[in-house]
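*Asks:* I'd like to go over a predicted model; first the sequence, then the structure.
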Amino acid sequence: MNVFLNKIKLIGVLGLLLTLFNFSTCKYGFKDVAPLPVEIKTFRVNYLENKAQYVNTQLSPQLTEQLKAKIINTTRLKQTNNDDAHYDISGFVSQYYTSTVSISNNSSSGNRLTVGFHLVFRNTLDDTKNFEADLSRTFDFAATASLQDAERSLNESIVKNIVDEIFNKIFSNW
């Protein structure tokens, strides 16, 4: 009889646990790209100039083309070069400099490249959505590497990260 009651209790506890797990849910999600208003159909990316004190000649054209490609591949917007584009994107590289980040035995053991970008965004259909923002990313490299060597090895990462920063500032909902 005692064994029978223990089995009933065990079945009851298992049934209760099964019921609890069955009805409990966990929903988790990101809202990465904000929904674009239906009236927004076109965008224009103006040439993103390099106005930093030190000019990496490859950076401006690569930023411009990669930003266009990201918008085309990630949104439904169509690229235009007309002045009446619904989203008009411009800006410039405002900072491009190195600094020492770590010192060991009285000499530099690590350097940091800082790349700043000034973004100008215009929504031609809704002036209240216009904004300007300063974005900045840092990239560390060994002190034994020259700036030119660091640029060669970091260039792809620099362009990707700055383009992602610009894109997220314009299109993300967070």
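*Replies:* Perfect, I can see it now. None of these values were measured; they are calculated from a predicted model.
*Asks:* can you give me the strands in this protein?
*Replies:* Counting by DSSP state E, one finds strands in the chain at the ranges 42-45, 49-50, 78-79, 87-104, 107-123, 131-142.
*Asks:* Out of these, which is the most enclosed?
*Replies:* Comparing the strands of the chain by mean neighbour count (mean count of other CB atoms under 10 Å), strand 42-45 ranks first with a mean of 20. (Each C-beta comes from the backbone N, C-alpha and C, glycine too.)
*Asks:* Sheet partners, orientation included, of that one?
*Replies:* Here strand 42-45 is paired, per DSSP bridges, with strand 78-79 (parallel), strand 87-104 (parallel).
*Asks:* Can you give the distance from it to the centre of its chain?
*Replies:* 19 Å (CA atoms, centre = their mean, to the nearest Å).
*Asks:* okay but S94 is in contact with D134, surely?
*Replies:* Yes. Counting by CB atoms under 8 Å, S94 does reach D134; the two are 6.9 Å apart.
*Asks:* joint contacts of the two?
*Replies:* G116, F117, H118 (CB atoms under 8 Å, 6 or more residues apart in numbering).
*Asks:* just to revisit the earlier point, any chance of a markdown table for the strands paired with strand 42-45, columns mean pLDDT and distance to L147?
*Replies:* Shown next, in a markdown table, are the strands paired with strand 42-45 (pLDDT from 0 to 100; distance: least, CB to CB, whole Å):
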| stretch | mean pLDDT | distance to L147 |
| --- | --- | --- |
| strand 78-79 | 97 | 33 |
| strand 87-104 | 91 | 6 |
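*Asks:* Output those strands as TSV; include the columns distance to V163.
*Replies:* Putting the strands paired with strand 42-45 into TSV (distance: least, CB to CB, whole Å) gives the following:
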stretch	distance to V163
strand 78-79	15
strand 87-104	11
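*Asks:* And the ones you listed: which comes nearest F139?
*Replies:* When these are compared by CB to CB, strand 87-104 sits nearest F139, at 9.6 Å.
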